[in-house]
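>>> sequence first, predicted model second:
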Amino acid sequence: MYPRVANAAYRQANAAVAPTVALVRVYDELIVAMTQAVRAMEEGKHETCFARIQRVTTILRGLDCALDFERGGDIAERLHKVYNSYILQLHISYARPDRIDRYRRLMDGMRSLREAWVQVALEMRGG
């Protein structure tokens, strides 16, 4: 199920753009969903928050399934650990009283990863 979701998201994002640019767009969707989850939790909309957390989880699982461990080596292994750690923390945090702060910290990490991929995309473009 998850590889199909990831592939569909990747294909949609990949409309005539470089793979790294498509990946940045997937991260953008991840961050949007996290932002929506935090906003929903702040507004007391628990069902909406949970649905957005599920969306984030689906994207993270898709990213994880798309990793190429043969070509990616250590980086793929590290990303695998990061994605799985994020998934675990998303669901552990949901029941915690400080969940909004926890979600914001997770979002900061996601933004950092996105920015790293932006740099890779720029370097691959030669700029």
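Thanks, I have it.

>>> low-confidence regions, the chain specifically.
Low-confidence segments of the chain (pLDDT under 70): 1-15, 127.

>>> tell me the centre residue of it?
Leu30 (4.2 Å; C-alpha atoms, centre = their mean).

>>> just give the closest residue to that one, not the sequence neighbours.
Ile59 (4.8 Å; C-beta to C-beta, 6 or more residues apart in numbering). Using the backbone N, CA and C atoms, a C-beta is placed for each residue, glycine as well.

>>> isn't that neighbour up against Val26?
Yes. In this structure Ile59 lies within contact range of Val26 using C-beta atoms under 8 Å: 6.6 Å.

>>> these two: which is more packed in?
Using other C-beta atoms under 10 Å, the more surrounded residue of Ile59 and Val26 is Ile59, with 24 against 21.

>>> where does that one sit: helix, strand or coil?
Following DSSP: H, G, I helix; E, B strand; the rest coil, the label given to Ile59 is helix.

>>> what about it, distance to Gly126?
29 Å (C-beta to C-beta, to the nearest Å).

>>> again with Arg39
According to C-beta to C-beta, Arg39 stands 38 Å off from Gly126.

>>> the more surrounded of the two?
Between Arg39 and Gly126, counting by other C-beta under 10 Å, Arg39 is the more crowded of the two (14 against 5).

>>> check which helix or strand covers the more buried one.
Using DSSP states H and E, Arg39 sits in helix 19-42.

>>> who are the packing partners of that helix?
When contacts are defined as 3 or more C-beta pairs under 8 Å, 6 or more residues apart in numbering; DSSP states H and E, helix 19-42 sits against helix 2-13, helix 46-65, helix 99-125.
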